[in-house]
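Asks: model this:
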Amino acid sequence: MPPADLPDWLPDWCVGQFGEPPVGVLFDVRSMSAVFGLRLTSGRDVVVKAREHDGRAASCVAAQARLAEQGFPCARPLTPVLRAGTLAVHAEEYRPGGELLRGDSPEVARRYAAVFARLMTELEHVSVAPPVPNPRWIRWDHADSGVWPAIEGLDERDQSAVPGYIVDAATRLRERLPATDLPRVLGHADFEAQNLRWQDGEVWAVHDWDSLAWQPEAALVGAASGVFPKTGPATLPPIESSAAFLVAYQDFRGRRFSAEEQEIAWAASLWPAAHDVRWETLHGIPPGSDEVIRRQVSERLRRAKA
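Replies: Numbers count the residues shown, from 1 in each chain. You can find the predicted model right below:
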């Protein structure tokens, strides 16, 4: 693919960092951030990521670099985070290959839990400034008025379209999750199947390091237990699969969660799905697994004591 449609700033940015411009586009993904797979004139392939500058990116990329140095399966950053107008931009190595691991069975949940436990263990040795504010889908600790974190362009839409059970669940979680005084740690807050690749039965790459967060360990694990099978619209795995994820994580980490941690984990397992249903509803996206989520809300809230 020729680079004709790339943003105007990007070729010059590549020349400034690598001494050569892009001559081909391997892929171009634009959503909350923009990710460009580029082939430079020398034949070298790199990935350039650009997102709104909100103060988080430097910590996220620094943590990613440290993990790559430690041998964790993730792309190695090639540049620090740099400003390009209102954007925060960095480049990293191109790490292609691997396949999705699909499914939401307890067995699949345990495989994802093993990777998450390894990731959290590695992050204990990483010291960076907390990457706050947290990503919006895990930002129950916001200081905005109302239940949801303020999102420009979303809050002005007709909120009555959001299912009542989602609003009720989010209201209860908004009370339960910030009430804990568990210490905060660094962790991956978007541990979805679509952000991991597997090869020969082992994890090959974990992507989306922009989504690091600063929350209690149990909350990060709980959120991961609710999103690990996600490859598209909002969904939840079966209750028994989230439970298997939580147990396996504790086994791999060699410690048991307290009663408080268990409750926070179950509360956090539901918040990303509630956020996603609201987001998709207000954007007119046809419901995916809305009924799956609806059937599980009461039980997850019960386990959270919310």
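Asks: nearest residue to the middle of this protein?
Replies: Geometric centre of the chain, nearest residue: Asp190, 1.7 Å, by C-alpha atoms, centre = their mean.
Asks: what comes up buried for stretch 8-21?
Replies: Buried residues in stretch 8-21, counted by 16 or more other C-beta atoms under 10 Å: Leu10, Pro11, Trp13, Cys14, Gln17, Phe18, Pro21. (Glycine included, C-beta is placed from N, CA and C.)
Asks: neighbours around the closest residue to the residue nearest to the centre of the chain other than its chain neighbours, how many?
Replies: With C-beta to C-beta, 6 or more residues apart in numbering as the criterion, Asp190 has its nearest non-adjacent residue at 3.6 Å, and that residue is Ser211. Neighbour count of Ser211, defined by other C-beta atoms under 10 Å: 22.
Asks: in contact with Arg253, which residues?
Replies: Contacts here follow C-beta atoms under 8 Å, 6 or more residues apart in numbering; on that basis Arg253 touches Ala117, Met120, Thr121.
Asks: how far away is it from Ala243?
Replies: The gap separating Arg253 from Ala243 is 16 Å, by C-beta to C-beta, to the nearest Å.
Asks: cool, Val277 as well?
Replies: For Val277, the distance to Ala243 - C-beta to C-beta - is 22 Å.
Asks: who has more neighbours out of those two?
Replies: In this view Val277 and Ala243 are compared by other C-beta under 10 Å, and Val277 has more residues nearby, 27 against 18.
Asks: host element of the more buried one?
Replies: Element membership of Val277, judged by DSSP states H and E, is helix 259-282.
Asks: got it, and Glu92?
Replies: Using DSSP H and E, Glu92 maps to strand 87-93.
Asks: now do Phe36
Replies: Following DSSP H and E, one finds Phe36 within strand 34-40.
Asks: please compute how far the one helix or strand Ala117 maps to lies from its chain's middle.
Replies: Per DSSP H and E: Ala117 is located in helix 106-123. Taking C-alpha atoms, centre = their mean, to the nearest Å, one finds the center of helix 106-123 at 14 Å from the center of the full chain.
Asks: got the buried residues for stretch 180-200?
Replies: 180, 184-193, 195-198.
Asks: same check on stretch 292-302?
Replies: Burial within stretch 292-302, assessed by neighbour count using 16+ other C-beta under 10 Å, is assigned to Val292, Ile293, Arg294, Gln296, Val297, Arg300, Leu301.
Asks: so what's the nearest residue to Gly85 once chain neighbours are set aside up against?
Replies: Excluding its sequence neighbours, the residue lying closest to Gly85 (C-beta to C-beta, 6+ apart) is Trp9, at 6.7 Å. Contacts for Trp9 were tallied using C-beta under 8 Å, 6+ apart; they are Ala84, Gly85, Leu87.
Asks: how close does Trp9 get to Glu93?
Replies: For Trp9, the distance to Glu93 equals 21 Å [C-beta to C-beta].
Asks: swap in Met120?
Replies: To Glu93, Met120 is 23 Å away according to C-beta to C-beta.
Asks: which residues in the protein form strands?
Replies: Using DSSP state E, the strands assigned to the chain run over residues 22-30, 34-40, 45-52, 82-84, 87-93, 184-188, 196-199, 202-206, 212-216.
Asks: what's the mean pLDDT across the helix holding Ala117?
Replies: Helix 106-123 shows a mean pLDDT of 98.
Asks: kind regards, and thank you for your time.
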